[in-house]
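In: Okay, here's the prediction I keep looking at, along with the sequence it came from:
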Amino acid sequence: MARRVPRQPLIAALLAAAIALASAALTPEQQGVVSHISADSLRGHLSFIASDLLEGRNTPSRGLDIAAEYIAAQFRRAGLEPVGDHDYFQTAKLPNGEARNVAGLLRGSDPALSQTYVILSAHYDHIGMRSSGEDRIYNGANDDGSGTVSVVEIASALAAAPERSKRSILFLTFYGEEPGLWGSSYYVDHPLEPLSKTIAEINLEQIGRTDATDGRHVNVAFVTGYDYSNVGSILDQAAQPAGVEMKPIKGDYFSRSDNFAFARAGIPAHTLAVAADYSDYHKVSDEWQKIDYANMANVDRGIALGLLQLASDAPPPAWNEHSAAARRYADAAKKQRQ
Ligand SMILES: [Zn+2]
């Protein structure tokens, strides 16, 4: 009788993931992008962005400024084009100080289509510090350090690919989401690339935790306003080779993050989240050690494949004319094209 081999769930899971990746028909470009995204890299970035040094990244604050410099340094390292009003920064004057969006562009390869844009974004601000308590710092690791470092990691992976997508991809991180979508609203009022040529906006929120209050979510991202446009189904199909699903989110989150500023301007724009609600939401205990980095890396692989699809020469996504809830955004899109 053969010796009983003990079950090794981790190895089995890794093997299954490797087989799934290998068997899926990825182009060399896609394969390169997918293999460039790593859990260790995400952990490294997030352990800094969500560190106590940054004091909860309130808008405006010194901690927020340090985070902006870090993100810009990563965009610089990836070789993105600086398209801010100064280097990678788009600076807005607030009544109480110097907040900045951070913007880097990956120029598309097609002479005509490179004049059209897909945006990947996240907000890098959080809610600062509380006045008392043993731990006073709201680190905002999942909200939205996880989205921020995913933007950085996906930008780095796409920039390292030997072949560029046909459309250009603009990577943005916003200040002031927490007090009311300030950074994204400022961008929409002062776009760095024409809004009429921006075909989609994908915003990342809370991508790192798998222990959501409504259960454990692995290899899936939930899309706000899924049936408002065909963006969700495009992403879902494109992400399949990474073993990642894109599903409709439960609950009405469409207007609760930065995608909303773009949707109001008519651009098909959605937020992707893994844990829309989790136990440490807006608590000082939202720390980087609690993130599921392996899952975040895989979800990011799916998102990167989705971005590549949106940035290909396929027809641009559109609002769903049959959705009553999406009508105002479809109307805004018509105005944008006039
Ligand atoms: Zn958030």
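Out: Great, that's in hand.
In: Going by C-alpha atoms from here, please, whenever you check contacts or count neighbours.
Out: OK.
In: Can you tell me the centre-most residue of the chain?
Out: Computing the C-alpha centroid of the chain and ranking residues by CA atoms, centre = their mean puts residue 204 first, at 3.1 Å.
In: Pull out the buried positions in stretch 163-173.
Out: 164, 165, 166, 167, 168, 169, 170, 171, 172, 173 (16 or more other CA atoms under 10 Å).
In: My guess is residue 240 contacts residue 302. True?
Out: Yes: contact between residue 240 and residue 302 holds when scored by CA atoms under 8 Å: they sit 7.1 Å apart.
In: Name the residue in the two with the higher neighbour count.
Out: Shown here are residue 240 and residue 302; by other CA atoms under 10 Å, residue 302 has more neighbours (28 against 17).
In: Just give the nearest non-adjacent residue to that one, would you?
Out: Among residues not flanking residue 302 along the chain, residue 239 sits closest, at 4.1 Å (CA to CA, 6 or more residues apart in numbering).
In: who touches the one you found in this structure?
Out: Counting by CA atoms under 8 Å, 6 or more residues apart in numbering, residue 239 makes contact with 245, 246, 301, 302, 303, 304, 305, 306.
In: sorry, back to before: tell me the two of the buried residues of stretch 163-173 that are most distant?
Out: 166 and 173 (22.6 Å; CA to CA).
In: At which residues are the strands of the stretch 151-300 of the chain located?
Out: 168-174, 198-204, 211-212, 215-216, 220-223, 245-248, 269-273 (DSSP state E, counting those that start in this stretch).
In: want to throw the ones you listed into TSV with distance to the ion?
Out: Shown next, in TSV, are the strands of the stretch 151-300 of the chain (distance: least, CA to the ion, whole Å):
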stretch	distance to the ion
strand 168-174	10
strand 198-204	8
strand 211-212	15
strand 215-216	19
strand 220-223	14
strand 245-248	18
strand 269-273	9
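In: highest average neighbour count across the ones you listed?
Out: Between the strands of the stretch 151-300 of the chain, strand 269-273 has the highest mean count of neighbours, a mean of 29, where neighbours are mean count of other CA atoms under 10 Å.
In: could you dump that strand to PDB, C-alpha only?
Out: Output in PDB follows, covering the C-alpha atoms of strand 269-273 (Å, rounded to 0.1, in the frame of the first residue of the first chain):
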ATOM      1  CA  ALA A 269     -16.900  55.000 -14.400                       C
ATOM      2  CA  HIS A 270     -17.100  52.400 -11.700                       C
ATOM      3  CA  THR A 271     -15.400  51.500  -8.400                       C
ATOM      4  CA  LEU A 272     -14.100  48.000  -7.800                       C
ATOM      5  CA  ALA A 273     -13.900  46.700  -4.200                       C
END
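In: what pairs with it, and is each one parallel or antiparallel?
Out: strand 198-204 (parallel), strand 220-223 (antiparallel) (DSSP bridges).
In: so which of those strands gets nearest residue 48?
Out: Short answer: strand 198-204, nearest of those by CA to CA, at 18.6 Å.
In: Give me the contact list for that closest one.
Out: 116-122, 147-148, 150-151, 231, 257-259, 262, 267-273, 310, 316-317.
In: Restricted to helices, list those.
Out: 147, 148, 150, 151, 231, 259, 262, 310 (DSSP state H).
In: ok, residue 144 - contacts?
Out: Counting by CA under 8 Å, 6+ apart, residue 144 makes contact with 122, 123, 124, 125, 126, 205, 206.
In: Tell me the residues of the stretch 101-250 of the chain that contact the ion?
Out: The stretch 101-250 of the chain comes close to the ion at residues 143, 144, as judged by CA under 5 Å from the ion.
In: quick one: the helices in the stretch 101-250 of the chain?
Out: 146-160, 182-189, 231-239 (DSSP state H, counting those that start in this stretch).
In: Backbone torsions only: list them for the nearest residue to residue 100 once chain neighbours are set aside.
Out: Spatial nearest neighbour of residue 100, excluding adjacent residues (CA to CA, 6+ apart): residue 91 at 4.5 Å. Residue 91 adopts backbone torsions of phi -100, psi 130, taken as degrees, to the nearest 10.
In: While we're on residue 91, how confident is the model there?
Out: We have a pLDDT of 98 for residue 91.
In: my read: residue 266 touches residue 329, true?
Out: Yes: between residue 266 and residue 329 there is a contact under CA under 8 Å: 4.9 Å.
In: Tell me which residues touch residue 295, please.
Out: So residue 295 contacts 208, 210, 218, 219 (CA under 8 Å, 6+ apart).
In: Could I get the pLDDT score of the last one?
Out: For residue 219, the pLDDT comes out at 98.
In: For it, which non-adjacent residue is closest in space?
Out: residue 244 is the one closest to residue 219 (CA to CA, 6+ apart), at 4.7 Å.
In: Could you count how many residues lie near that neighbour?
Out: Residues near residue 244, counting by other CA under 10 Å: 23.
In: so it sits right up against residue 296, yeah?
Out: No: counting by CA under 8 Å, residue 244 sits too far from residue 296 to count as a contact (10.7 Å).
In: Which neighbours do the two have in common?
Out: With CA under 8 Å, 6+ apart, residue 244 and residue 296 have no common neighbours.
In: Can you get me the centre-to-centre distance for the longest strand along the chain and its chain?
Out: Counting by DSSP state E, the longest strand found in the chain is strand 97-106. Here strand 97-106 is found 15 Å from its chain centre; the criterion is CA atoms, centre = their mean, to the nearest Å.
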